Structure formats: structure tokens, C-alpha cells
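# Mind looking at a prediction? Sequence and model below.
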Amino acid sequence: MKLLKQVLINRLNFFIAAAIMVSNLFAWTSILLAAPAPYIVEPIRDPEVVALLEYIRSDEHSGETWQVTLSELEAEQTITWYLRRYPQIPFAYPKIEITQEYIAGEGDATIAGLRVHVGGKARVSLTEEGLPQVEILDLSLPVPGPIREAIEREIQVQLKRADLLPVRFTSAEWKNGEVVVKGTIR
């Protein structure tokens, strides 16, 4: 009787463990299948961006004005080009939406070794000093609040590095589907 009881308990434990493993496998499969397919664009730097950077590197400038117009696709392609060049940046497959009210972006980020789909909306304006200022309107990150706040703080820290750029922005006109940015070379 004691042996029969032991065998039944062992089998019950086995069935419980098997049920947990199957439900876990089902959950992970559902999550992975629900992830959107990557949005893929060619890694091409926009010709206007290339021309501006080459002119800045030539050291033949002295306060000239410049203008760059980027469509959503051109922005996606340029960002993809930089992401391929700098693989240490944990982001891939950018998709951009430009409107008069905000810029929205989404893509895949690697967080703690896992690739997750993230997105966000931001309003970009310029300070009096000609530096970009970003107000985050929405950020979809599958992380706890404190980690999300730390990421938002880091975004702001990185934007302050724009002070090191050899250009100053004088205006940014946000239209549906494109942005026209003007500035001066320092």
C-alpha cells in the first residue's frame, strides 16, 4: 500500500511538472508568434546628410547655413545605416512616422539579452541655443517603471551631447511624412 501511494505521488508530481512545462512552452510560443515581423529598409545614408557631413569635414566652412529635408523612408534608411555601422547600439529595424505634432518610432531593442519590440512618440523642439529638446509623449517598453525612467533620463543625457556637434539648428519644420531642418555650421 505504501509503495502504491509513493508511485501515485511520483506520477502526480510528474504530471504537474509536465503540465507546467507545456503551459510555459505554449506561453513563450504565443509571445514569439505575436511579435511583429521586422520592418526592413536598405541601409542608405541620405545624400543631403552625406554632403553636409563631407562639407563639415573639409574645414572649408565658416558659419554657413545648411538645410536637410528627410522623408520618413530617408530617415529610416539613414538610421539603419548608422545602426549597421555601430552594432554596439542595441536597436534594429527602425520604423518612423513624422507628423506635425510628433515623431513616432518603433523597432526591436535588445534589453537584458532579449530582443523586444519597442516604440514611442516624442515632440521635438529647439532651444534658444539651437539644441534639440525632446519631450517623450509615449514610450512602450516591456520593463518596470524605474528602468523605464532610467532609460528616459539616459535619452535626455545623450541629447545634451548635441552641444558637441559642429552644427546649430535654427529651425525644424515638421510636416506629415517629412521634416525640414535648417541650421548653421560652427
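Thanks, I have it.
# and the chain, what are its domains?
Following automatic domain parsing, one gets these domains for the chain: 1-34, 47-185.
# Lowest mean pLDDT among the helices and strands of the protein, which one is it?
helix 2-34 (a mean of 65; mean pLDDT, DSSP states H and E).
# after it comes which helix or strand?
Downstream of helix 2-34, the first helix or strand assigned by DSSP states H and E is helix 47-57.
# helices and strands around that next one, which ones?
Secondary-structure packing of helix 47-57 (3 or more C-beta pairs under 8 Å, 6 or more residues apart in numbering; DSSP states H and E): strand 65-71. Placement of C-beta: from N, CA and C, glycine included.
# And the next helix or strand after the strand it packs on, what's buried?
Once strand 65-71 ends, the next helix or strand along the chain (criterion: DSSP H and E) is helix 72-85. Within helix 72-85, the residues scored as buried using 16 or more other C-beta atoms under 10 Å are 72-81, 83.
# I'd like the residues you listed written out as CSV, with pLDDT and distance to A122 added.
Listed next are the buried residues of helix 72-85 as CSV, based on pLDDT from 0 to 100; distance: C-beta to C-beta, whole Å:
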residue, pLDDT, distance to A122
E72, 97, 15
L73, 97, 19
E74, 96, 19
A75, 96, 13
E76, 96, 16
Q77, 96, 20
T78, 95, 17
I79, 94, 14
T80, 95, 19
W81, 95, 21
L83, 92, 18
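# Once you drop chain neighbours, what's closest to Y39?
K95 (4.3 Å; C-beta to C-beta, 6 or more residues apart in numbering).
# Correct me if wrong: the one you found contacts A37.
No: the criterion here is C-beta atoms under 8 Å, and K95 misses it with A37 at 11.3 Å.
# more crowded one of these two?
Legend: neighbour count by other C-beta atoms under 10 Å for K95 and A37, higher for K95 (19 against 6).
# and the more buried one, bridged to which residues?
Beta-bridge partners for K95, by DSSP bridges, are E106.
# got a list of what it touches?
39, 76, 105-107 (C-beta atoms under 8 Å, 6 or more residues apart in numbering).
# what does W174 give?
98-101, 103, 124.
# Between the residues you listed, which sits nearest M21?
Within the contacts of W174, proximity to M21 (C-beta to C-beta) peaks at I103, which comes in at 43.4 Å.
# okay, now the nearest residue to the closest one once chain neighbours are set aside: neighbour count?
In space, and not counting its chain neighbours, I103 is closest to A122: 5.6 Å by C-beta to C-beta, 6+ apart. Other residues near A122 come to 15 when the count uses other C-beta under 10 Å.
# Also Y86?
9.
# Where does pLDDT dip in this structure?
1-15, 17-18, 26-36, 142-143, 148 (pLDDT under 70).
# Could you point out the longest strand of it?
When the chain is parsed with DSSP state E, its longest strand is strand 114-126.
# Summarise which helices and strands it is packed against.
Where contact means 3+ C-beta pairs under 8 Å, 6+ apart, strand 114-126 is packed against strand 103-111, strand 132-140, strand 167-175.
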